[in-house]
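> Kindly generate the corresponding structure for this input.
(3 chains)
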Amino acid sequence: MQRRHRLSRSRDFDAVYRHGRSVSTRYLVLYWFEREAGDENAPRLGVAVPKKIGGSVIRNRIKRRLREAWAQLPEEAPARNDYVLVVRPGLPEAVETRGFDWLEERLGEVLQKAQL
RNA sequence: GCAGGCCGGGUGACCGCGAGCCUUCUGGCUCGAGGAAAGUCCGGACACCGUAGGGCAGGAUGCUGGGGAAAUCCCAGGCGGCGAAAGCCGACGGAAAGUGGCACAGAAAGGAGACCACCACCGGCGUAACGCAACUCCGGAGACGCCGGGGGCAAGGGUGAAAAGGUGGGGUAAGAGCCCACCAGCGUCGUGGUGACACGACGGCUCGCCAAACCCCGUCCGGUGCAAGGCGAACAGGCCCCGAUGACGUAGCCCGCGUAGGGGCCGGGUCGGCCGCUCGAGCCGCCGAGGAAUCGGCGGCCUAGAUGGAUGGUCACCCUCGACAGAAUCCGGCUUAGAGGCCUGCUACA
RNA sequence: GCGGGCGUAGUUCAACGGUAGAACAAGAGACUUCCAAUCUCUUAACGCGGGUUCGACUCCCGCCGCCCGCU
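Okay, the predicted model is just below:
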C-alpha cells in the first residue's frame, strides 16, 4: 500500500472519528467518512492499535497484516471515503492460530456489515 | 557443577513496503532492526539557555592499583562472607567529634553500676564436751547459726542477637589482666609490596553494636533536553498591571553579576514543510605492548534513517520446527526478558 | 523524550525499625412470629526478588503492575 493510500495526519484521523460513521464486530471496528465531493482518487486507510493489545512487535505485525489483507480485497471499499480500522483485543492471538485467510474473512465481514 | 565467548532458522521464486542511485519515464540495481533495539537506572557527546561566579542548602559517591571521555563502568589485587571445589557475592571511609537508638527479657544495653550469690571485719542474740559435711585445723577469749552495719569483689547465676576480651594456670579472705602462657583486638617499630594489606618483634593491657539512623571527612555535580535547536511558511491587534526605589535572568535561599523589559486577559495565527539525521570515543583483520581491562601501528570497509512511522502475503525444499522481542539524535555501561545450539577452560564424583 | 506518585484484609484507609489495626463487606450466633436494625464472635492482607540489621510494611538496590503530569 503506497503512502498516498494511507491516512497520514492526526487531523485526518480526527475527522474520521468525529464526523464519520462506525460499525464494529468482535475483533474490529471500522470508521469511514466521505471526503470532499468529487474527490474520487482512492480510498485511504488508517490502522489504529491500542497499546493494550500488546508490545510493539505484536502491534506492528497486526498492522502489516491488516494492510496486506486490505490490499488483497476486490473493490469493496468505495474510493471516495477515508477509513480507520481499530483493532480490538484478542485479534492478534486469533490470527496466530487461525491464519491469514481467517483475517481476510473478518475484514470482509466488517465491510459487509457497513453496507457501503 | 562453575566461568568465559559465539550463533539466534536457512535457501529459492512471485507479488508488495521504506531509502539511496541510475533512468530510454517505467522500470532497473543496491541496502533495509537487536543482543538486548527494552527498562530509562547511571555516564557522556551534541545543541540551546541576556553567564554557568561564590557561599549555604541539596544530591551523588566511598578498600587499593590500573584502564577509560565519564560513570551506580571494566580489569587485576586486598579484606570479609558463602561453597567440598572450580568459583560466586559485598555502598568495603569514620563509632576515643557530637546527637540518637539497642523492643521483650534481664540486676545491668555502655565511660558503669551491683539483684542473687561469694568474702573477711565489726556489733548484738542464741548456743556446742564433742561441735563443724569431715579433720591431726579451729572452737565457752564463742567455732557454728540468725539478725544488723559499713566494706571488698565482679569469677559464678539466669536473660538476650549482643553482657566490658577467650581458654588454661598462678594468685587471693573472696576475687579480678592482679600476674603468666597461647589466641583475638589495639598501638609502635621493622620487613615485603606502588598501594589496600600481609608477616614478624615489642609494648601496655582492651577501648560494645547500628552511620543502606542523623551526622563528620574526602571527591564530584549550572539547567534543559533532538518534541534540543536552526531555516522557511502563517498570524502579526486591543486593554490592564509591574518596572532604573531594579521588574526579569535566578531555578531552594543569600550575596555577587548582567540587563530593559516583564506579566495577565481577550482576539488572531500555527496541529503542516526542510535541515538537524547518521562517519562514529565506528566496525573487521593482522602485528606489537601489557598479567588483564585496554592502548598503539598498518591495511580494509561504509553497515537502517522512518515521521500514523518502512520486513508482510503466497509457494517449494531442508533442519535440531525457530525464544525474548521492533531502531526514532548518537555513543559507553548497568539491569531485566529469553527456545535451542556450538566452542574453550576449570572443579567434583564415577 | 523527560518527570512525579502509589501498591497493606474482598473494598476504602492506618501503623517511632520491635505482636500488622479501624470502618464497611462476608459467614455464624443472639434478639424477633419473620425481615430490617442492633449486639457478640470468626474469616482474612504488607506486589515480587535480593541486601543492611539481632530483627524490615518501614531503610537501600533491582524488577513487576497501576495512575498522573510536561513538551
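> CA only for contacts and neighbour counts going forward, please
Will do.
> can you confirm A:Y31 is in a helix?
No: counting by DSSP: H, G, I helix; E, B strand; the rest coil, A:Y31 is not found in a helix; it is strand.
> Next up, the contacts around the closest residue in space to it that isn't next to it in sequence.
Once flanking residues are discounted, A:Y31 sits nearest to A:S22: 4.3 Å by C-alpha to C-alpha, 6 or more residues apart in numbering. Contact partners of A:S22, counting by C-alpha atoms under 8 Å, 6 or more residues apart in numbering, are A:29-32, A:114.
> Check which helix or strand A:S22 maps to.
Counting by DSSP states H and E, the element that carries A:S22 is strand A:21-24.
> In that strand, which residues are buried?
Residues of strand A:21-24 classed as buried: A:22, A:24 (neighbour count, 16 or more other C-alpha atoms under 10 Å).
> Could you report the neighbour count for A:K51?
Around A:K51 there are 10 other residues, counting by other C-alpha atoms under 10 Å.
> Enumerate the beta-bridge partners assigned to A:E34.
Residues in a beta bridge with A:E34, per DSSP bridges, are A:N81.
> burial measure for it, as a count.
A:E34 has 17 nearby residues by other C-alpha under 10 Å.
> A:Y27 too?
Neighbourhood size, A:Y27 [other C-alpha under 10 Å]: 17.
> my guess is it contacts A:L85, does it?
No: assessed by C-alpha atoms under 8 Å, A:Y27 is found out of contact with A:L85, at 10.3 Å.
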